[in-house]
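Trainee: what follows is a predicted protein model with its sequence.
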Amino acid sequence: MERIVLEVDDTVAKAWRNTSAKLRAQIGQSLGQALTDSLNKNKELNFELLLQDVRAEAAKYGLTEQILARLLDEEN
């Protein structure tokens with residue numbers, strides 16, 4: 001497992017220091033899962049944005065879905 005550092009306000013930091021090790025571990029697991037979920041959603045969003053850009057660029061040069069399908073059919 002790897003350690004990361006997060007900046008929080010003073011109140012949260014103080015509460016964290018005064019919390020039991022067991023509760024910190026539980027919060028750490030929950031936070032880890034929340035970070036994983038959030039980062040995965042961000043990857044999916046970035047991929048979708050990339051696809052939109054590629055579609056727009058292809059359309060700009062006249063490559064429609066129909067033309068692409070025809071080109072792919074010609075290869076078979």
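Mentor: Perfect, I can see it now.

Trainee: quick check, central residue of the protein?
Mentor: The chain has Asn42 as the residue nearest its centroid, 2.4 Å off, counting by Cα atoms, centre = their mean.

Trainee: ok, Ala25 - how many residues close by?
Mentor: Other residues lying near Ala25 total 11 when counted by other Cβ atoms under 10 Å. C-betas here are computed from N, CA, C, even on glycine.

Trainee: and the next helix or strand past whichever helix or strand it is part of?
Mentor: Assessed by DSSP states H and E, Ala25 sits inside helix 21-60. On the C-terminal side of helix 21-60, the nearest following helix or strand under DSSP H and E is helix 65-75.

Trainee: just want the angle from that next one to helix 21-60.
Mentor: 80 degrees (axes from the mean of the first three to the mean of the last three Cα atoms, to 10 degrees).

Trainee: export helix 65-75 as CSV, just CAs?
Mentor: C-alpha atoms of helix 65-75 as CSV (Å, rounded to 0.1, in the frame of the first residue of the first chain):
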residue,chain,number,x,y,z
GLU,A,65,-20.2,7.0,-40.1
GLN,A,66,-21.6,5.8,-43.4
ILE,A,67,-18.3,6.4,-45.2
LEU,A,68,-16.3,4.7,-42.5
ALA,A,69,-18.7,1.7,-42.6
ARG,A,70,-18.2,1.5,-46.4
LEU,A,71,-14.4,1.7,-46.0
LEU,A,72,-14.5,-1.1,-43.5
ASP,A,73,-16.7,-3.2,-45.7
GLU,A,74,-14.3,-2.7,-48.6
GLU,A,75,-11.5,-4.2,-46.5
